[in-house]
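Visitor: Got a predicted model here, sequence first, then my questions.
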Amino acid sequence: APEYICTLIEWIDDILQDEKIFPPVDDVPFPKNFRKICSKIFRRLYRIFVHIYIEHFDRLKEIGAEAHTNAFYKHFYYFVREHNLLEEKDFAPLESLTQRIC
């Protein structure tokens, strides 16, 4: 998992630095597949939340990070919901958690 997370963050950084995807000036339009690219990024980031909550939640509670992690997840969840970046089926792995805290 740590390798996946590092590779994912590097992949996202490469996309964010790509001026064809994220134009640095206002007069250049975003590509037609911009929303699809963003959706893919957020879907993969969601996998990290799934992993953390399933595999490491006890440790988060031990170190007192449960509230912080939940707040971070809620911000993520509401952002992707507001902008329709994930499909309903994508939320299935953390459905019970989401219903409880969001």
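Guide: Looks like it arrived, so ask away.

Visitor: what helices or strands is the lengthiest helix in the chain leaning on?
Guide: If you go by DSSP state H, the chain has its longest helix at helix 34-62. Packing partners of helix 34-62 (3 or more C-beta pairs under 8 Å, 6 or more residues apart in numbering; DSSP states H and E): helix 2-17, helix 66-82. For glycine as for every other residue, the C-beta is placed from the backbone atoms N, C-alpha and C.

Visitor: Show me the residue sitting in the middle of the protein in space.
Guide: Residue closest to the mean C-alpha point of the chain, counted by C-alpha atoms, centre = their mean, is L45 at 3.2 Å.

Visitor: distance of that residue from F91?
Guide: L45 is 13 Å from F91, where distance means C-beta to C-beta, to the nearest Å.

Visitor: for C102, same thing?
Guide: C102 is 10 Å from F91, by C-beta to C-beta.

Visitor: neighbour count winner among those two?
Guide: F91 (18 against 13; other C-beta atoms under 10 Å).
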